[in-house]
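S.K.: here you go, sequence then predicted model.
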Amino acid sequence: MKNKSLKVNLAGLSLENPTMLTSGILGYSALTLKSIAEGGAGAVVTKSVGLKPRRGYANPTVVQVDCGLVNAVGLPNPGIDEFVKDIREAKAVLTVPLIVSVYGFSAEEYAWVAEKAVKAGADAVELNVSCPHVKETGIEIGQNPMVLAEVVREVKRAMEKPVFVKLSPNVADIAEIAEAAVKAGADAITAINTVKAMAIDIETAKPILSNKRGGLSGHAIKPIAVRCVYDIYEKVKKPIIGCGGITSWQDAVEFMLAGASAVQIGTAIALKGPGVFKSVVMGINTYLKRKGFRSVNEIVGLAHRS
Ligand SMILES: Cc1cc2nc3c(=O)[nH]c(=O)nc-3n(C[C@H](O)[C@H](O)[C@H](O)COP(=O)(O)O)c2cc1C
């Protein structure tokens, strides 16, 4: 849907509407990313990629629970040197911005991967500093403001494109972490990654996931994510990308009122299908008209009015 009132400028990226495919739900393939963009997403984020190939964990890696999914896939990926082919292919067919999600085990690794992704055509990178289930990357970086700041600085030194930093809710004060990322040069903050969780099979009396612990996504985490966005908006002046449990246009609007300039959708695609983008975008549009707003940007942070 092309409509001036839905356009968003996200740290220099021009989006036709504020919805984005979140990282990890649909992998890397150019054709999948293209089909999501054609289905209405304003931008797409790839699954996280690292310096070297990783197999990820043995099955089961994802379990459906009443209120969403618990996953511990273990960051399986082909490694950036292989993945640059997919980035080039995706760039050739996409008409929306392509954001490559990257992770590393040190600041240098994040920077190397980000640099290669951008050279291959990524319009921006999103730093996954929030994976709850792989040791020595993800949350172990994203929960320490000093370590996180070093990662962001190193990535900013290595490349010129916008850097989004994706944060974890599994911390005492997410706004403090966001502030550290922005001071180090982050161009936008994505909030949130999954919430630490697990599921146990009562017949076998064993944890269901091979990794035992994982991260919860889906509708149950929405109020947590909305609170995180609200807290971050009060602390930092950079755009926030809201993520976590969005399944309807009402959810998307709620995130924007809390302070999100754009929203990412993941589990709802797995559970409801890719049509979710179109219905969210159309719903936001109808809401704007009904409320008399000329642009979606006018509702960002409105819930903070005293
Ligand atoms: C199966 C699965 C794989 C995921 N892989 C990644 C990943 O590679 N990188 C990342 O930053 N987030 C990953 N996530 C987290 C999502 O991007 C998102 O932050 C989270 O699921 C909350 O959004 P949702 O409730 O809309 O799914 C994954 C989530 C799921 C369910």
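M.R.: Received the coordinates, thanks. Numbers count the residues shown, from 1 in each chain.
S.K.: hey, where'd the helices end up in the stretch 101-250 of the chain?
M.R.: 107-120, 139-142, 145-158, 174-183, 222-235, 249-258 (DSSP state H, counting those that start in this stretch).
S.K.: what's the closest of those to the ligand?
M.R.: Closest approach to the ligand among the helices of the stretch 101-250 of the chain (C-beta to the nearest ligand atom): helix 222-235, 7.3 Å. C-betas here are computed from N, CA, C, even on glycine.
S.K.: give me the buried positions along that closest one.
M.R.: 222, 224-226, 228-233 (16 or more other C-beta atoms under 10 Å).
S.K.: would you list those in TSV and tack on pLDDT and distance to the ligand?
M.R.: Below are these laid out as TSV (pLDDT from 0 to 100; distance: C-beta to the nearest ligand atom, whole Å):
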residue	pLDDT	distance to the ligand
Lys222	98	7
Ile224	98	10
Ala225	98	7
Val226	98	12
Cys228	98	11
Val229	98	12
Tyr230	98	17
Asp231	98	17
Ile232	98	15
Tyr233	98	18
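S.K.: which secondary structure elements does the helix or strand Arg88 falls within sit against?
M.R.: Arg88 belongs to helix 80-93 when assigned by DSSP states H and E. Judged by 3 or more C-beta pairs under 8 Å, 6 or more residues apart in numbering; DSSP states H and E, the packing partners of helix 80-93 are helix 30-38, strand 98-102, helix 107-120.
S.K.: does the very next helix or strand once past the first one reach the ligand?
M.R.: For helix 30-38, the following helix or strand on the C-terminal side (DSSP H and E) is strand 43-45. No - applying C-beta under 6 Å from any ligand atom, one finds strand 43-45 separated from the ligand by no less than 7.4 Å.
S.K.: isn't Asp201 up against Val65?
M.R.: No - if you go by C-beta atoms under 8 Å, Asp201 and Val65 don't touch, sitting 11.8 Å apart.
S.K.: between those two, which has more neighbouring residues?
M.R.: Neighbour comparison, Asp201 and Val65: the larger count goes to Val65, with 14 against 11 (by other C-beta atoms under 10 Å).
S.K.: just checking, what packs against the least confident helix or strand in the chain by mean pLDDT?
M.R.: For the chain, scoring each helix and strand by mean pLDDT, DSSP states H and E identifies helix 139-142 as the least confident one, at a mean of 78. Applying 3+ C-beta pairs under 8 Å, 6+ apart, one finds that helix 139-142 makes contact with helix 145-158, strand 163-167.
S.K.: dump it to PDB, keeping only the CA atoms.
M.R.: Presented in PDB, the C-alpha positions along helix 139-142 are these (Å, rounded to 0.1, in the frame of the first residue of the first chain):
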ATOM      1  CA  ILE A 139      22.700 -10.900  25.900                       C
ATOM      2  CA  GLU A 140      26.100 -11.400  27.500                       C
ATOM      3  CA  ILE A 141      27.100  -8.300  25.400                       C
ATOM      4  CA  GLY A 142      23.800  -6.500  25.500                       C
END
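S.K.: got a markdown table for the helices and strands packed on helix 139-142, with mean pLDDT too?
M.R.: A markdown table is the format used below for the helices and strands packed on helix 139-142 (pLDDT from 0 to 100):
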| stretch | mean pLDDT |
| --- | --- |
| helix 145-158 | 96 |
| strand 163-167 | 98 |
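S.K.: need the winner for burial among the ones you listed.
M.R.: strand 163-167 (a mean of 28; mean count of other C-beta atoms under 10 Å).
S.K.: close to the ligand: what parts of the protein are there?
M.R.: Residues of the chain lying near the ligand (C-beta under 6 Å from any ligand atom): 22-25, 47-48, 62, 69, 71, 73, 75, 101, 128, 166, 193-194, 217-218, 221, 243-246, 265-268.
S.K.: how about the closest residue to Leu33 other than its chain neighbours, what does it touch?
M.R.: Counting by C-beta to C-beta, 6 or more residues apart in numbering, Val44 is the residue found nearest to Leu33 once chain neighbours are left out, at 4.7 Å. Taking C-beta atoms under 8 Å, 6 or more residues apart in numbering, we find Val44 in contact with 20-21, 33, 36-37, 90, 94, 96-99.
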